[in-house]
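Novice: here's a sequence, model it:
(chains A and B)
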2 protein chains.
Amino acid sequence: MSIDYLQGKIRKLKNPTMLGLDPYLPILPQHIVKDAFAQYGQTTQAAAQAYYRFCTELMDALVEEVPAVKIQSACFEALGGEGVVQMQRLAKYAKDLGYYVLIDSSRGDVGNIAEIYAQAMFGTVSIGETAHEVFSCDALTVNCYLGSDGVKPFLPYCKDNGKNIFLILKTSNKSSREVQDLLSGDRVIYTAMADLAMRWSTGLFGQNGYSEIGAVVGATFPQTMKLIREKYDRLFFLVPGYGAQGGTAKNVQAAFDRFGHGAIVTASRSIICAWQKTGSDGTDFANHALAAARKMKSDISKFVVIL
Amino acid sequence: MSIDYLQGKIRKLKNPTMLGLDPYLPILPQHIVKDAFAQYGQTTQAAAQAYYRFCTELMDALVEEVPAVKIQSACFEALGGEGVVQMQRLAKYAKDLGYYVLIDSSRGDVGNIAEIYAQAMFGTVSIGETAHEVFSCDALTVNCYLGSDGVKPFLPYCKDNGKNIFLILKTSNKSSREVQDLLSGDRVIYTAMADLAMRWSTGLFGQNGYSEIGAVVGATFPQTMKLIREKYDRLFFLVPGYGAQGGTAKNVQAAFDRFGHGAIVTASRSIICAWQKTGSDGTDFANHALAAARKMKSDISKFVVIL
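Specialist: A predicted model of the protein is given here:
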């Protein structure tokens, strides 16, 4: 759908946030788990069906407020094939609702293997004379520790099919400094990655000036974010670490340009588990998620005005 | 099964190689594809079943020669849930045959998400009161660009359950230098990663002296390999890049210690596609794979003597 589409959707809803879907059984409302166990027993299928229901009900509730969703691939993969089947359905459901859909798989393959993966995620897989759409998504996170060979297979889809990749530059976790902050000449490693992102972006800029290749920059290091924003003013930022991980509305301000463009903030637990802090039995989890998403939007709007 | 088990198996078979299973339709023998299409139509299920058959027949043929297999997760994920179901079956089949089984997924998640993934890969997933073994594997590749937070969730399994992780240090692809070779102080990034690997290895050494945390070091940079081997003499190396990518038996010599221990060389295309270079129609692909595996063993044995 392209970076212009994402920015357009953010402007329309005046909401630069992305719903993070990281389901796992201990955080699901009891009624959903109970229903799934009743139908499928205590199986991976039951868990996968429960994830699907939980996530679709969240997406239904938030569709007028939130422009994009981030599906955490590992949560579904952890249930094996049953989980991945539901992830495929979920991505399609999200697309049909009109969300911009990012699959967060944080992989770093190269060459032929990266090509196979890119094709399945962004294109179609040829089986005999038939073409199969396996996953329906607009964007992927990509770990580019392996360099250009891991990124190039995705670029034709960014150029011709309106797909985006978000390169993992500077993550929100505490230990991100161990490798990402190492100094190399006058750069640190995450700026070396950003330089590569700019190199790979040649011919890949949207009408809004941003590259179809974005960057993951955590909300938990606001000074770092400010520096990267200033230096790399054409990389769209995907900002994790808001809420549960400690990133605040004030912290994320630096991710945006002076028009309030150029970034989207993801939040998962603080939205999808909002019901747990209310004494609710979980049956109204989607309402609590909606309230939390509205509060997040409102909190961010105090620091970011989207023109 | 632990790094001691892997080394023991290598010594027993006198073969420090790992069979790489990277199936995709264009490289499969026609009779397998045809049979699968006849049974399941031109579907992802057909492709997944064809992958399973291709890989199990290869494993059957090589089981007396080759101690370990590497399953390329992306190939199966690219078929969606159907593919992952067959990957689960395949890993179990490999374990039952007695192979040391590595799943090559090259992911880099952190915290809670890495924990969920580690549990599914190395432990059991709790669903209600039941525990499910989702994947049966001995080892995983892990991208540790995110630092300790991405590695720590795997360590209890390395310590207590005999599992191994292989951290991606220096890969065999050409562009690996773009990030991995950046100089930082008196180190390059891949040695900074190796230093971290040694730090994480505290309390995790096998009886053979090697850490349960291994390292991926490509066969295509023999000088680099020599330097890393000398400096990090307690990291077991997983060596990709042999054969199709240009690594030779002479190149990989430097990966081994003076007892011929401490490394395993992976090869995929040069083994599993060996039949394509023979004018064969593919019906005897497993025999050609066996011949290629024996040749690889013999070639390496000219440079590496396993005591």
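
Novice: please make it C-alpha for all contacts and neighbour counts, starting now.
Specialist: Will do.

Novice: can you give me the helices in chain A?
Specialist: A:2-13, A:30-40, A:44-62, A:73-77, A:81-97, A:111-122, A:155-160, A:177-180, A:189-200, A:222-231, A:249-252, A:269-272, A:285-301 (DSSP state H).

Novice: list the contacts for A:Ile165?
Specialist: By CA atoms under 8 Å, 6 or more residues apart in numbering or on different chains, A:Ile165 lies in contact with A:139-142, A:154, A:158, A:212-214.

Novice: ok, now A:Gln7?
Specialist: With CA under 8 Å, 6+ apart, A:Gln7 has these contacts: A:261-262.

Novice: go on, A:Cys137?
Specialist: Listed by CA under 8 Å, 6+ apart, the contact set of A:Cys137 reads A:91-92, A:95, A:100-103, A:121-122.

Novice: any idea how far A:Asp35 is from A:Gly41?
Specialist: Distance of A:Gly41 to A:Asp35, computed by CA to CA, to the nearest Å: 9 Å.

Novice: now swap in A:Asp281 and tell me
Specialist: Taken as CA to CA, the span from A:Asp281 to A:Asp35 is 15 Å.

Novice: cool, A:Ala244 as well?
Specialist: For A:Ala244 relative to A:Asp35 (CA to CA), the value is 28 Å.

Novice: same deal with A:Gln119?
Specialist: 36 Å.

Novice: please apply the same query to A:Ile71.
Specialist: 23 Å.

Novice: end to end, how far does stretch A:65-80 reach?
Specialist: End-to-end distance (CA to CA), stretch A:65-80: 32 Å.

Novice: what mean pLDDT does it get?
Specialist: Averaged across stretch A:65-80, pLDDT comes to 98.

Novice: my guess is A:Met59 contacts A:Lys95. True?
Specialist: No. Using CA atoms under 8 Å, A:Met59 is not in contact with A:Lys95; the gap is 10.6 Å.

Novice: and the two? Which one has more around it.
Specialist: Remark: of A:Met59 and A:Lys95, A:Met59 carries more neighbours, 25 against 17, as counted by other CA atoms under 10 Å in any protein chain shown.

Novice: tell me who's in contact with the more buried one.
Specialist: A:Met59 neighbours (CA under 8 Å, 6+ apart): A:Ala94.

Novice: per-residue pLDDT of it, please?
Specialist: 98.

Novice: ok, A:Asp35 next?
Specialist: So A:Asp35 comes in at 98 (pLDDT).

Novice: and what of the one 4 residues further on?
Specialist: Among the per-residue scores, A:Gln39 shows a pLDDT of 98.

Novice: excluding chain neighbours, give the residue nearest to it in space.
Specialist: Leaving out its chain neighbours, the residue that sits closest to A:Gln39 by CA to CA, 6 or more residues apart in numbering or on different chains is A:Ala46, at 7.4 Å.

Novice: is it true that the one you found touches A:Tyr40?
Specialist: Yes. Contact criterion CA under 8 Å: A:Ala46 and A:Tyr40 qualify, at 5.1 Å.

Novice: around A:Lys277, how many other residues sit close by?
Specialist: A:Lys277: 9 neighbours (other CA under 10 Å).

Novice: count of residues packed around A:Glu57?
Specialist: A:Glu57 has 14 nearby residues by other CA under 10 Å.

Novice: who are the contact partners of it?
Specialist: Counting by CA under 8 Å, 6+ apart, A:Glu57 has contacts A:Ala286.

Novice: higher neighbour count, A:Gln119 and A:Asp35?
Specialist: Counted by other CA under 10 Å, A:Gln119 and A:Asp35 do not tie: A:Gln119 has more neighbours, with 20 against 14.

Novice: the residue nearest the centre of chain A and A:Ala38: what is the separation?
Specialist: Geometric centre of chain A, nearest residue: A:Lys70, 3.6 Å, by CA atoms, centre = their mean. With distances taken as CA to CA, A:Lys70 is found 29 Å from A:Ala38.

Novice: same check, this time on A:Ala286
Specialist: Distance, A:Ala286 to A:Ala38, by CA to CA: 22 Å.

Novice: with neighbour numbers in mind, choose between these two.
Specialist: A:Ala286 (24 against 11).

Novice: so what's the more buried one up against?
Specialist: Neighbours of A:Ala286 in contact, by CA under 8 Å, 6+ apart: A:57-58, A:61, A:272.

Novice: can you pick the most crowded of the residues you listed?
Specialist: Using other CA under 10 Å as the neighbour test, the contacts of A:Ala286 are led by A:Ile272, with 26 neighbours.

Novice: show me what contacts it?
Specialist: A:Ile272 neighbours (CA under 8 Å, 6+ apart): A:20-21, A:58, A:285-286, A:289.
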